[in-house]
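Trainee: Here is a sequence together with a model predicted from it:
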Amino acid sequence: MGVSRVPGRGRRRVVAAAAGAAAMALTLAGCASSDGGGGGGSGAAGDQLAGQSLNVVAAWSGAEQQNFEAVLQEFENRTGADVTYTSFGDNGPTYIQGQLEGGTPPNVAIIGQPALMQSLAANGDILPVAGSVRSAVEKNYAQTWVDLGSVDGDLYGVWFKAANKSMVWYNADIYDEAGATAPENWDDFLAQLGVVRDAGYAGISVGADVGWPLTDWFENVYLRTAGPEKYDQLTNHEIPWTDDSVKEALGVLAELWGSDLVQPGGAQRDFPTSVTEVFGSDPQAGTVFEADFVAGNIAADGNSTVGENALFYDFPSINGSNPAVVTGGDVAVQFTDDEATTALMEFLASPEAAEAWVPNGGLLSPNNAVDTSLYPDDVSKQVADALIGAEELRFDMSDLTPSSFGGTQGQGFWQEMISFYENPSDIDGTAQRLEDAAVEAYR
């Protein structure tokens, strides 16, 4: 997972008083019972936290902000607390650092980078969650999410929003015309892309002008060919990028990227255009790989309809690998130790919090207790079921590595995958350059 990579922290340890934790358990238990423990309904108003104010920050704006504010409104209805939300857009680390330096940290921040959570924990800026919050997380989440929210054995984060980055989207009109079907495994995947190609379309479109879609390709293949333990080792650079397991995964990708199954011109194509090439008014390809957010690109284009001709299948199994999902997400962390903050963190770990957003669309919850029948359409439910039902689940590798290696345009993982896409025969050279970049970044 990469979550144990943080060195000795020397951090401040602040532990909530047992009485405070007990009070929070009673507060939320009373709130839940007020509406029979149901899902996203408003329930009866409570006043256990009346007069207490909270500041919450996250990246969400627009429709996502409105939906999250509905979640916070549900919390207000249940407790009487007053919550103010601020969007920091794409500037989360900078915004949070400025608030810390100014002595005005938020009560809760929801962030998308586990490495940032680790850094904040190492510096003593965020606090381990209270026992009641940990109990809720352990009850409602798979162990993978507990591990991803932990640093050195202490739980700091509650994962509220997830992404399923192991999806292959296809234009059902093109597949039907070609006689292609959803594949059963990787070899069948290549065969079905060939069926689409033979019908006059490119089998698959790739947007490779930036590195992140390509690192997602590698992570999905590597998880299936090397397995979760090796995935963790490579994430933490406990094995080198010249390892045979890396070369095997690159070889699998080379078989596809070096073939005529892929639409030409990918190195000059951005990701949104690759979606349009499949689902636009004049589709040129039958298939595109990426996460559940592809649905948003399809809707914005307006020429195809998710759930009708825009469908998906899970990233194919390779060599008999178990169902697996590479995921991303947003995790809630707390900066203050007080009754209202603990209550909010416990609420965010409950299914009721997610169920206030789920019916509106745009939220994939990693909470196993969420009622999946509340998802607004069959495709959303299918995405959620695939995430929750994955036998192997790992976080996006590039988000867990040092940003100079895994998240910077023009260098490291991103750049080397672009170079490999353009020259997929150079497996050994790519592996060596990745290792050289990793050695520099992990110092």
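Mentor: Structure's in. What do you need?
Trainee: Put the alpha carbons of the helix or strand harbouring residue 331 into PDB.
Mentor: Using DSSP states H and E, residue 331 maps to strand 324-334. What follows is strand 324-334 as a C-alpha-only set of coordinates in PDB (Å, rounded to 0.1, in the frame of the first residue of the first chain):
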ATOM      1  CA  ALA A 324      -8.900  -6.900  -8.900                       C
ATOM      2  CA  VAL A 325      -9.400  -3.100  -8.800                       C
ATOM      3  CA  VAL A 326      -7.000  -0.300  -8.800                       C
ATOM      4  CA  THR A 327      -8.600   2.500  -7.000                       C
ATOM      5  CA  GLY A 328      -8.200   6.200  -6.100                       C
ATOM      6  CA  GLY A 329     -10.200   8.300  -3.600                       C
ATOM      7  CA  ASP A 330     -10.700  11.000  -1.100                       C
ATOM      8  CA  VAL A 331     -10.000  10.600   2.600                       C
ATOM      9  CA  ALA A 332     -11.200  12.600   5.500                       C
ATOM     10  CA  VAL A 333      -8.600  13.600   8.200                       C
ATOM     11  CA  GLN A 334      -9.100  15.700  11.300                       C
END
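Trainee: Just want the most central residue of the protein.
Mentor: For the chain, residue 328 is the residue whose C-alpha lies nearest the centre (C-alpha atoms, centre = their mean; 1.5 Å).
Trainee: all strands for the stretch 301-443 of the chain, in order.
Mentor: Using DSSP state E, counting those that start in this stretch, the strands of the stretch 301-443 of the chain run over 310-314, 324-334, 392-395.
Trainee: which residues does the closest residue to residue 92 other than its chain neighbours form a beta bridge with?
Mentor: On the basis of C-beta to C-beta, 6 or more residues apart in numbering, the spatially nearest residue to residue 92 that is not a chain neighbour turns out to be residue 111, at 5.4 Å. No exception for glycine: its C-beta is placed from N, CA and C like everyone else's. Taking DSSP bridges, one finds residue 331 as the beta-bridge partners of residue 111.
Trainee: what's the spacing between residue 111 and residue 397?
Mentor: The spacing between residue 111 and residue 397, counted by C-beta to C-beta, to the nearest Å, is 18 Å.
Trainee: Now for residue 65: which residues touch it?
Mentor: 85, 87 (C-beta atoms under 8 Å, 6 or more residues apart in numbering).
Trainee: angle of the helix or strand hosting it against strand 324-334?
Mentor: Taking DSSP H and E as the definition, residue 65 sits inside helix 62-79. Helix 62-79 runs at 60 degrees relative to strand 324-334, counting by axes from the mean of the first three to the mean of the last three C-alpha atoms, to 10 degrees.
Trainee: ok, residue 139 - how many residues close by?
Mentor: 12 (other C-beta atoms under 10 Å).
Trainee: pull the CA atoms of the helix or strand containing it into PDB?
Mentor: Per DSSP H and E: residue 139 is located in helix 131-140. Only the C-alpha atoms of helix 131-140 are listed here, as PDB (Å, rounded to 0.1, in the frame of the first residue of the first chain):
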ATOM      1  CA  GLY A 131     -12.000   4.800  19.100                       C
ATOM      2  CA  SER A 132     -15.600   5.200  18.100                       C
ATOM      3  CA  VAL A 133     -14.500   6.300  14.600                       C
ATOM      4  CA  ARG A 134     -12.100   3.400  14.300                       C
ATOM      5  CA  SER A 135     -14.800   1.000  15.300                       C
ATOM      6  CA  ALA A 136     -17.100   2.400  12.600                       C
ATOM      7  CA  VAL A 137     -14.400   2.100  10.000                       C
ATOM      8  CA  GLU A 138     -13.400  -1.400  10.900                       C
ATOM      9  CA  LYS A 139     -17.100  -2.400  10.800                       C
ATOM     10  CA  ASN A 140     -18.000  -0.800   7.500                       C
END
